[in-house]
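J.: Here is a sequence with its predicted model. Questions after.
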Amino acid sequence: MSYVPGHEYDVFVSYARRNNQDGFLDGQYGWVTRFQKNLERILNERCPGVRVFFDDGSIAGNDDLDDKVVTAVQQSATLVVVLSPVYLSRPYCTKERELYCSRIGDEKLALPRIFLVHYDDVPFDERPEILRKPKGYNFFHQDATVKSLRRPLEDDSDPLKEEYKNRIYELCGDIQNKLKELKQTLPQTTVPKKVIGPDSAGSLSAPVIFLAEATPDLRGHKDRLSVESALRQAGFRVLPETTYDRRNLPAYQQSLEEDLNQSLLFVQILGESGSDASPDLPHGFEGLQFSVARAAGKPCLRWRPSDLPLDSIREFMAVYHQYLTDADANVSDGLQPDERVQAGFLNDFKLTVEETVRKLLARQAKPGGKKLDESHSVLLSPQTVDSTLAKEFDQRTQQAVLSDVADEAYPLTDVYENEAGLVVVYGQSTYDWVKERVKQCREIALNNASNPPVCAIYVGPPDPKPPLPKRPVNFHVIHHDDPAALAAYLAEVTAKGVSP
């Protein structure tokens, strides 16, 4: 586990292999390898648990990136670039940098997370735009009399080793501050490995997202490609994988339905123009895809840029304007808030899609398989070691309420679906895990202040245990051998709705 939540690695070191060849003939580590080891050691002294990804030579020359490197760069919180003229000449270095920026969202968002280590001097105007703005750290020495003579600073047996030490401690201090900032501010948006990981990314076993066909304008096409790239890089399979035949409407709809049946979520990106409407397609192919997805019971997310020229669209494409703005009652009646067209920034929408998928997967992981009747239901939260204690609770309460179990791999805030009660099971589970689950219960209650769930800790053997974590007001404590406390809890839960 990395220091920053939601990432496999905290630092990815991108460098040209040519700059790491010194010392190889003597059986010594190259300069970049020595630098990486010093970097990782100092960072872990300051932030225990930091993980640094460093490919020590599995890629040679101009070969394409292998899957291990692609996955690592996409799952890293920060990027350290060992800059040199050779670095700029290597296609794989460019690919690593571009993959990192695209995973973050765009270059502007990625800039504060990129750190430049100057292995050699590279004139400012010869650098790509993205490498002109980040703070740099000089790790080379330039001869005072012959300016063309330069050599990298060394960490040992070098008159300038003190300068090397100062540089690397400055760099590590800045990376440390950025990692701490990210740890505090980044949401935990990654899907647990047991559901999706490098081995399943993009494969038939990966979660499937249906990304509706692009609108005919260039902007809509470009935005859709950006979302598709982000989804694939996050490890999801994206449908459709082939183009539907618009000349044959029945065949088109059949292919659409088949792909939707495999999909977890319907996502639609809307641009400046829509496809032509007709009696069979009152809102073009955009409306058809959405209506078929809703009929199939799929969760739907739709988005448009906030700066679309709506007045111009209304003037020249009135029907498409109605679809964009949910103005047609035949389409908009009965829509849930999430199904309405969202206007905003594309990167924000990408995060919304990832968050929605994460919650859908978390809820799908419930053993019950389906959402229970909210007024009758209790969501149990045990660790695996307390599965037997959770079953005991279920057996003792099944005449009063229906219970389902939250997978411990997911936060309760993702799994919760307005159940009447939440119960954290505390037998053999660790104190820190129980404390975090109680905190999540409190967050759910605050976010549903008008109708909060009835929360409890169900305490079972072994004894003794550390004191229970501080709990919100009205948070029940039910010991497994206290039937009166259990009855009081069930009475409050069933009072929230119609008693079973």
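T.: That came through fine.
J.: Can you list the buried residues in stretch 285-293?
T.: Phe285, Glu286, Gly287, Leu288, Gln289, Phe290, Val292, Ala293 (16 or more other C-beta atoms under 10 Å). For glycine as for every other residue, the C-beta is placed from the backbone atoms N, C-alpha and C.
J.: so the fourth one is in which element?
T.: Using DSSP states H and E, Leu288 sits in helix 284-295.
J.: And that helix, what does it pack against?
T.: helix 249-261, strand 265-269, strand 300-305, helix 318-324, helix 329-332 (3 or more C-beta pairs under 8 Å, 6 or more residues apart in numbering; DSSP states H and E).
J.: could you point out which element follows the third one?
T.: I take that to be strand 300-305. helix 310-316.
J.: For the helix holding Leu288, what is the distance to the chain centroid?
T.: 27 Å (C-alpha atoms, centre = their mean, to the nearest Å).
J.: Give me the residues contacting that helix.
T.: Applying C-beta atoms under 8 Å, 6 or more residues apart in numbering, the set of residues contacting helix 284-295 from outside is 210, 212-213, 215, 246, 252-253, 256-257, 260, 266, 268, 270, 274-277, 281, 283, 300, 302, 319-320, 323, 331, 339.
J.: Can you give the distance from stretch 208-220 to the centre of its chain?
T.: The mean C-alpha position of stretch 208-220 is separated from the chain mean by 21 Å, C-alpha atoms, centre = their mean.
J.: what's the single longest strand in this structure?
T.: strand 76-83 (DSSP state E).
J.: now the next helix or strand after that strand: how far from the chain's centre is it?
T.: Going down the chain from strand 76-83, the next helix or strand is helix 85-89, by DSSP H and E. Taking C-alpha atoms, centre = their mean, the mean C-alpha location of helix 85-89 is offset from the chain mean by 32 Å.
J.: contacting residues around helix 85-89?
T.: So helix 85-89 is contacted by 14-16, 18-19, 81, 93, 119-120, 122, 126-128 (C-beta under 8 Å, 6+ apart).
J.: how about a cut-off of 10 Å?
T.: 14-19, 62, 81, 93-94, 97, 117, 119-123, 126-128, 131 (C-beta atoms under 10 Å, 6 or more residues apart in numbering).
J.: Just the buried ones from those?
T.: Of the contacts of helix 85-89, these count as buried by 16+ other C-beta under 10 Å: 14-19, 81, 93, 97, 117, 119-120, 122, 127, 131.
J.: got the contact list for the helix or strand where Ala110 lies?
T.: Element membership for Ala110 (DSSP H and E) is helix 107-110. Defining contact as C-beta under 10 Å, 6+ apart, one finds that helix 107-110 is touched by 78-79, 97-98, 100-104, 114, 128-130, 133-134, 347.
J.: and if you look at stretch 478-485?
T.: Stretch 478-485 is contacted by residues 389, 392-393, 396, 423, 425-427, 456-461, 463, 476-477, 486-490 when judged by C-beta under 10 Å, 6+ apart.
J.: Burial check on the closest residue in space to Asp56 that isn't next to it in sequence, number of neighbours?
T.: In space, and not counting its chain neighbours, Asp56 is closest to Thr33: 6.4 Å by C-beta to C-beta, 6 or more residues apart in numbering. Residues near Thr33, counting by other C-beta atoms under 10 Å, number 19.
J.: What spatial separation is found between the nearest residue to Glu392 once chain neighbours are set aside and Pro91?
T.: Distances taken as C-beta to C-beta, 6+ apart put His480 closest to Glu392, at 6.8 Å, once the chain neighbours are dropped. Look at His480 and Pro91: by C-beta to C-beta, to the nearest Å, they are 62 Å apart.
J.: between those two, who's got more neighbours?
T.: The residue with more neighbours, out of His480 and Pro91, is His480; 18 against 12, by other C-beta under 10 Å.
J.: What backbone torsions are found at the more buried one?
T.: Main-chain torsions, His480, degrees, to the nearest 10: phi -60, psi -20.
J.: any idea how far Arg246 is from it?
T.: Going from His480 to Arg246 by C-beta to C-beta gives 62 Å.
J.: just Gly334 next, same as before
T.: From Gly334 to Arg246 the distance is 28 Å (C-beta to C-beta).
J.: neighbour-wise, which of the two wins?
T.: Taking other C-beta under 10 Å, Gly334 and Arg246 do not tie; Arg246 has more neighbours (12 against 8).
J.: what's near enough to touch that one?
T.: Glu213, Tyr252, Ser275, Leu281, Phe285.
J.: repeat for Val52
T.: Per C-beta under 10 Å, 6+ apart, neighbours of Val52: 2, 9-13, 36-37, 39-41, 43-44, 76, 78, 80, 175.
J.: just to revisit the earlier point, mark which of the contacts of helix 85-89 are part of strands, please.
T.: Ser14, Val81, Val117.
J.: and those as TSV, adding distance to Lys165 and pLDDT?
T.: Below are these laid out as TSV (distance: C-beta to C-beta, whole Å; pLDDT from 0 to 100):
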residue	distance to Lys165	pLDDT
Ser14	23	95
Val81	21	96
Val117	14	93
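J.: and which of these is nearest to Thr384?
T.: Ser14 (38.4 Å; C-beta to C-beta).
J.: picking up where we left off before, so which pair among the buried residues of stretch 285-293 is furthest apart in space?
T.: Longest span within these, C-beta to C-beta: Phe285 and Ala293, 12.5 Å.
J.: related to what we said a few turns ago, which pLDDT value goes with the residue nearest to Asp56?
T.: Thr33 is assigned a pLDDT of 91 by the prediction.
J.: Can you name every helix or strand that the one helix or strand it maps to contacts?
T.: Following DSSP H and E, one finds Thr33 within helix 31-46. Packing contacts for helix 31-46, counted by 3 or more C-beta pairs under 10 Å, 6 or more residues apart in numbering; DSSP states H and E, involve strand 9-14, strand 52-53, strand 76-83, strand 114-118, strand 150-152, helix 161-185.
J.: Adding distance to Ser403, write these out as CSV.
T.: Shown next, in CSV, are the helices and strands packed on helix 31-46 (distance: least, C-beta to C-beta, whole Å):
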stretch, distance to Ser403
strand 9-14, 38
strand 52-53, 42
strand 76-83, 38
strand 114-118, 48
strand 150-152, 63
helix 161-185, 34
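J.: ok, now which ones touch Tyr252?
T.: Glu213, Tyr244, Asp245, Arg246, Leu281, Phe285, Leu288, Gln289, Val292.
J.: The second one is in contact with Gln254, isn't it?
T.: Yes: proximity of Tyr244 to Gln254 meets the contact threshold set by C-beta atoms under 10 Å, at 9.3 Å.
J.: Where does pLDDT dip in the stretch 51-200 of the chain?
T.: 57-64, 105-106, 142-160, 186-200 (pLDDT under 70).
J.: Run through the bridge partners of Val423.
T.: Leu380, Ala456 (DSSP bridges).
J.: which ones are touching it?
T.: By C-beta under 10 Å, 6+ apart, the neighbours of Val423 are 378-382, 390, 393-394, 397, 401, 403, 405-406, 437, 441, 453-458, 476, 478, 489, 493.
J.: and what of Trp303?
T.: Taking C-beta under 10 Å, 6+ apart, we find Trp303 in contact with 223, 227, 267-270, 341-346, 348-350, 352-353.
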